[in-house]
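Student: I need the structure of the sequence given here:
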Amino acid sequence: MARGGDTGPRVRAVAGVIAAGRRAGVASGNLAQSSESLKKLVAAWALAEVAPGRLFPWLAVAFGFGAVLYLDADTEPAMWAAAVAALVLTALAVLARHHAPLFPPLLGLAAIAVGFAVATAQTARIAHPVLAAPTWRAQVTGFVESREERERNDRLVVSVVRYEAPRMARAPARVRVTVRKGTAPEVGAFVAFKAHLSPPLQPLRPGGYDFARDMYFKRIGASGYVLGKLSVEPAPAAPGLRLRFMAAVDAMREAINTRIHALLPGDRGSIASALITGKRNAISAPVADAFYVSSLAHVLAISGFHMAVVAGIAFFVIRASLALVPSLSLRRPIKKWAAAGALATATYYLVLSGASVSTQRSFIMIAIVLIGVMLDRPALTLRTIAIAAIGVLLFTPEAVVHPTFQMSFAATLALIACYQYGLPWKADKDTPVAVRVALWGLREVVGIMLASFVAGLATEPYAAYHFHRIAPYGVLANLLAMPVVSAFVMPMGILGVLTLPFGLDAPFWHLMGHGIDWMIAVVLWVAHLPGAVSHMRAFGTGPLLLATLAILLVCLLRTPLRWSGALLWVVACIWAVTTPAPDLLISADGETAAFRGADGLLSVLHSGRDTFAVKEWLAADADSRAPTDKSLAAGARCDSIGCIGRLKDGRLVSMVLEPEAFAEDCARAAVVVSARTAQVQCKALLVDRPALQARGSISLRWTDDGVVETPAQPPGSDRPWAPARRSPQTRTAPQDATPSLQDMTPDDQ
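Tutor: So this is what the prediction gives:
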């Protein structure tokens with residue numbers, strides 16, 4: 001079997017084209033001086049890249065890009081338009097399949113259109129009401145669909161049966177509420193409670209993570225917390241089959257989780273449960289943060305590594321056991337039987353772990369490999385990951401913008417590409433045994449280091465974009481921890497699950513706990529090394545898309561054209577680090593604002609009652625200070641009616657808390673921010689309640705050409721998870737030369 005997904009004839013055909021191109025360059029005598037020869041060589045490379053079997057991975061890329069285009073649209077696309085475009089472009093691609101110049105671009109456009117149409121259909125399929133305004137005393141009854149144990153409290157998702165609230169509009173289909181720790185009922189229970197509910201949280205800053213979109217695709221229309229006691233009541237009707245299945249799975253997960261915590265208290269048990277059941281939110285904040293800082297957070301999220309270990313152990317044990325019976329090993333296809341058993345084990349692990357996006361991807365890839373074994377067909381690695389990507393996006397197209405999806409597929413693609421090139425040394429049969437053993441050990445160590453470096457490099461753009469962090473010691477942490485996880489922690493966990501029904505599991509959980517102690521020691525040590533945390537200022541989607549293209553070119557192309565990706569990578573990095581920072585950030589409710597002072601750092605003008613937005617702003621500004629750091633308030637002066645501060649260029653910015661402050665601040669400040677509605681003419685740039693209701697959170701940046709405003713929700717946008725906001729009336733006096741909020745052009749970058 002040829003590596004990378006090509007059969008022998010195709011490899012020879014591609015190699016022949018490349019060789020012909022190289023001969024054309026050599027025949028010219030000097031490639032640098034012969035543009036004609038260079039054109040021939042590049043044409044030969046391009047022809048090799050579109051050879052039979054080479055385009056399939058790009059179909060998954062195009063499909064995902066179609067989903068990205070859908071999610072980035074300002075208004076909801078018409079279902080009929082998306083379907084017609086997909087059908088027309090697919091038909092054109094089929095008609096052009098024998099026309100080499102036309103077929104690749106038409107095929108790519110068709111895949112983009114299909115991805116766009118699938119995402120549009122997904123939104124139409126799951127359409128549900130979203131709470132429009134907060135309500136303090138909503139009476140809710142419904143079935144518990146999921147529960148999540150966290151460090152300080154528990155969280156439930158409730159399928160609403162009955163909903164009553166003052167000024168009630170359409171009831172949300174599902175709500176997510178927080179309850180006191182230890183009071184969450186089991187999945188499938190029918191509950192009644194009063195709750196304070198709010199609409200799904202919009203982005204905390206322009207370009208920030210869209211919580212509302214994430215919740216919409218989870219079919220959650222409101223979130224909040226329970227007021228008083230939550231009661232379990234008799235259900236008015238029996239739950240459906242889906243809910244009963246979810247309850248059975250959760251009961252199984254909870255039984256394992258309870259048993260683990262009984263034997264391994266604290267973070268040891270929480271990490272063990274995360275590796276086995278996928279319940280990872282109970283890990284304490286310092287340890288969880290250390291896992292992220294040391295680039296070992298991927299161990300806590302069940303993905304390809306865990307699935308491969310589980311399926312591999314199952315395959316080995318089943319095949320070895322069957323091989324002990326001569327009548328079976330000599331006459332029956334025990335390898336295929338072992339593959340079937342490993343597939344069943346992997347399916348059980350998928351269900352047990354909660355079936356996250358990364359787990360779905362790894363399960364699809366493992367399933368393809370095992371089915372290939374059962375059918376005597378080779379597994380094609382690049383095609384395998386492409387099929388996995390398409391499979392995930394067909395059912396959850398919105399996952400394409402999630403960090404889990406992006407980092408999981410980027411790391412896997414990079415590892416597959418690295419495997420194609422392999423390590424440079426191999427031991428043949430004539431090499432002495434001692435040398436072969438030494439080379440094997442060296443290859444394993446170098447392999448782990450190389451895999452950690454490659455996977456870390458591939459996921460770095462996404463970690464920097466979503467979490468604003470870079471982990472410089474990721475290779476060191478993975479080198480110290482991963483061998484223990486692979487060879488000891490996970491096997492002990494699997495043995496613990498297998499022996500749990502017999503009551504013989506305790507020794508295996510204790511042994512697993514010792515391995516977890518080593519993991520915790522490694523991440524805490526690495527997290528406290530000098531320079532362990534490198535913060536990255538937030539940047540736009542442009543550098544991220546360019547970095548993604550760079551990774552794809554390096555990993556998917558076979559000819560020297562792939563090194564064009566390295567150039568794009570450099571350009572993306574330069575673009576990201578040169579992204580200008582905002583001078584003023586305002587939350588969507590107008591209660592919180594931060595400005596950039598003369599020292600170049602953010603100062604909090606007013607923080608309202610919630611520091612969550614401040615925490616996000618500091619992280620996006622590569623600022624390691626905590627939201628409660630006293631230095632954040634050093635640049636602001638406050639009294640009972642308002643706060644003022646000075647921007648880095650000396651301009652005055654004001655936060656109005658009481659109506660009587662408007663008159664004075666509008667006369668002297670460059671910017672006036674308030675959660676109230678101004679009742680006076682304002683010479684300053686005014687960002688009050690009507691403006692915030694229309695635009696959401698806002699950032700302002702001063703340039704030589706004036707003020708650049710970037711709203712979280714641009715004017716005219718209207719999506720199911722972010723309905724169109726009403727536009728405010730003009731709020732600025734006509735004689736004022738300062739541009740008004742309505743006169744500014746939104747920065748789309």
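
Student: Return the backbone torsion pair for Met482.
Tutor: The main-chain torsion angles of Met482 are listed as degrees, to the nearest 10 and equal phi -60, psi -40.

Student: oh, I was asking about Leu585
Tutor: Comment: the main-chain dihedrals of Leu585 come out as phi -120, psi 130, following degrees, to the nearest 10.

Student: Then the one 10 residues further on?
Tutor: Here is the backbone geometry of Phe595 (degrees, to the nearest 10): phi -130, psi 160.

Student: That one and Ala634: what is the separation?
Tutor: Separation of Phe595 from Ala634 (C-beta to C-beta, to the nearest Å): 12 Å. For the C-beta atoms, the positions are set from N, CA and C on the backbone; glycine is no exception.

Student: Need the overlap of contacts for those two.
Tutor: Each of Ser603 lies in contact with both Phe595 and Ala634 under the rule C-beta atoms under 8 Å, 6 or more residues apart in numbering.

Student: And those two? Which one has more around it.
Tutor: Applying other C-beta atoms under 10 Å to Phe595 and Ala634 shows that Phe595 carries more neighbours, namely 27 against 14.

Student: Specify the beta-bridge partners of the more buried one.
Tutor: According to DSSP bridges, the partner residues bridging Phe595 are Leu584, Ser603.

Student: in this protein, which strand has the most residues?
Tutor: Taking DSSP state E as the criterion, the chain has its longest strand at strand 135-149.

Student: Just checking: what are the partner strands of that strand?
Tutor: Looking at strand 135-149 with DSSP bridges, its partner strands are strand 153-164 (antiparallel), strand 190-198 (antiparallel).

Student: Please name whichever of those is nearest to Ser717.
Tutor: Distances from Ser717 to each of these were compared by C-beta to C-beta, and the smallest falls on strand 190-198, at 20.6 Å.

Student: Return the distance of the helix or strand just after that closest one from the chain's centre.
Tutor: Toward the C-terminal end, the helix or strand that comes next after strand 190-198 (DSSP states H and E) is helix 211-217. The gap between where helix 211-217 is centred and where its chain is centred comes out at 13 Å by C-alpha atoms, centre = their mean, to the nearest Å.

Student: other SSEs contacting helix 211-217?
Tutor: Applying 3 or more C-beta pairs under 8 Å, 6 or more residues apart in numbering; DSSP states H and E, one finds that helix 211-217 makes contact with no other helix or strand.

Student: Outside of that helix itself, list whatever touches it.
Tutor: Outside helix 211-217, the residues within contact range by C-beta under 8 Å, 6+ apart are 71, 122-123, 126, 128, 130, 176, 199-203, 221, 223, 396, 398, 402, 719-722.

Student: what's the answer for stretch 317-332, then?
Tutor: Applying C-beta under 8 Å, 6+ apart, the contact partners of stretch 317-332 are 334-335, 337-338, 341-342.

Student: can you do 6 Å?
Tutor: Stretch 317-332 has contacts (C-beta atoms under 6 Å, 6 or more residues apart in numbering) with 334, 338, 341.

Student: For the helix or strand where Ala60 lies, what is the distance to the chain centroid?
Tutor: For Ala60, the element it lies in under DSSP H and E is helix 56-72. The offset between the C-alpha centroid of helix 56-72 and the centroid of the whole chain comes to 16 Å, using C-alpha atoms, centre = their mean.

Student: which residue is nearest the centroid of the protein?
Tutor: For the chain, the residue nearest the mean C-alpha position is Pro403 (1.4 Å; C-alpha atoms, centre = their mean).

Student: what about the closest residue to that one other than its chain neighbours, how many residues close to it?
Tutor: Across the structure, with C-beta to C-beta, 6 or more residues apart in numbering as the measure, the residue nearest Pro403 apart from its sequence neighbours is His466 (4.2 Å). For His466, the number of neighbouring residues by other C-beta under 10 Å comes to 18.

Student: How about Arg383?
Tutor: A count of neighbours around Arg383, defined by other C-beta under 10 Å, yields 17.

Student: Show the subsequent helix or strand relative to the helix or strand containing it.
Tutor: Assessed by DSSP H and E, Arg383 sits inside helix 381-395. Secondary structure here is assigned by DSSP H and E; on that basis, the next helix or strand after helix 381-395 toward the C-terminus is helix 403-421.

Student: Distance from the chain centre to that following helix, please.
Tutor: Going by C-alpha atoms, centre = their mean, the spacing between the C-alpha centre of helix 403-421 and its chain's C-alpha centre is 14 Å.

Student: got the buried residues for that helix?
Tutor: Going by neighbour count (16 or more other C-beta atoms under 10 Å), the buried part of helix 403-421 is 404-418.

Student: if I look at Thr548, how far off is Leu382?
Tutor: 17 Å.

Student: Val249 now?
Tutor: Between Val249 and Leu382 the computed distance is 33 Å (C-beta to C-beta).

Student: Compare the two and say which is more crowded by neighbours.
Tutor: When neighbours are counted by other C-beta under 10 Å, Leu382 comes out ahead of the other of Val249 and Leu382, with 22 against 16.

Student: roughly how far apart are that one and Gly391?
Tutor: For Leu382, the distance to Gly391 (C-beta to C-beta) stands at 15 Å.

Student: before we move on, what about Asp718?
Tutor: Distance, Asp718 to Gly391, using C-beta to C-beta: 31 Å.

Student: got it, and Leu300?
Tutor: Between Leu300 and Gly391 the distance is 24 Å, computed by C-beta to C-beta.
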